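Asker: Fold the following.
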Amino acid sequence: MNETEVFRALSDPTRRAVLERLAAGEKNATELREGFGVSQPAISQHLAVLRGAGLIRERRVGRHVNYSVEPNGLEPLLAWIGRYRAFWPARVERLQDLLKEMDQ
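Answerer: As a prediction, this is how the structure comes out:
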């Protein structure tokens, strides 16, 4: 998957909350829907987007489907952030220099 799909999936607060719930352990769609006030079809659509982005996986047991976090799902996002990480130290140093100048 690419970072665009991951960003799109995580742009929705309900999907972020579903992912957070799954971080605590495997759950089925009914368990995930509790407390959201959304329909079963709506939660299924959210799960499909998360699955399509590679953020979750499903495990079928007979007619039941359980969902869990895909451990490698956030790798495209981490790679995207990593490309910009090199800029952070220099900016922090400049900010520290500016703050020192302001104190003097």
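
Asker: Please make it C-alpha for all contacts and neighbour counts, starting now.
Answerer: Fine.

Asker: From the contact counts, what lies against whatever helix or strand residue 91 lives in?
Answerer: Following DSSP states H and E, one finds residue 91 within helix 87-103. Helices and strands touching helix 87-103, as assessed by 3 or more Cα pairs under 8 Å, 6 or more residues apart in numbering; DSSP states H and E, are absent.

Asker: quick one: the helices in the protein?
Answerer: Using DSSP state H, the helices of the chain run over residues 3-10, 13-23, 29-33, 40-52, 75-85, 87-103.

Asker: which residues does residue 28 contact?
Answerer: 64, 65, 66, 67 (Cα atoms under 8 Å, 6 or more residues apart in numbering).

Asker: got it, and residue 32?
Answerer: Contacts of residue 32 by Cα under 8 Å, 6+ apart are 18, 21, 43.

Asker: ok, of the helices of the chain, where does mean pLDDT dip lowest?
Answerer: The minimum mean pLDDT among these belongs to helix 87-103 (a mean of 81).

Asker: Dump it to CSV, restricted to CA.
Answerer: Provided in CSV are the C-alpha atoms of helix 87-103 (Å, rounded to 0.1, in the frame of the first residue of the first chain):
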residue,chain,number,x,y,z
PHE,A,87,14.4,18.9,8.6
TRP,A,88,13.4,18.8,12.3
PRO,A,89,16.8,19.0,14.1
ALA,A,90,17.9,22.1,12.1
ARG,A,91,14.6,23.9,12.8
VAL,A,92,14.7,23.1,16.5
GLU,A,93,18.3,24.4,16.6
ARG,A,94,17.2,27.7,14.9
LEU,A,95,14.3,28.0,17.3
GLN,A,96,16.7,27.5,20.3
ASP,A,97,19.1,30.1,18.9
LEU,A,98,16.2,32.6,18.4
LEU,A,99,15.0,32.0,22.0
LYS,A,100,18.5,32.6,23.3
GLU,A,101,18.7,35.8,21.4
MET,A,102,15.3,36.9,22.7
ASP,A,103,16.5,36.3,26.3
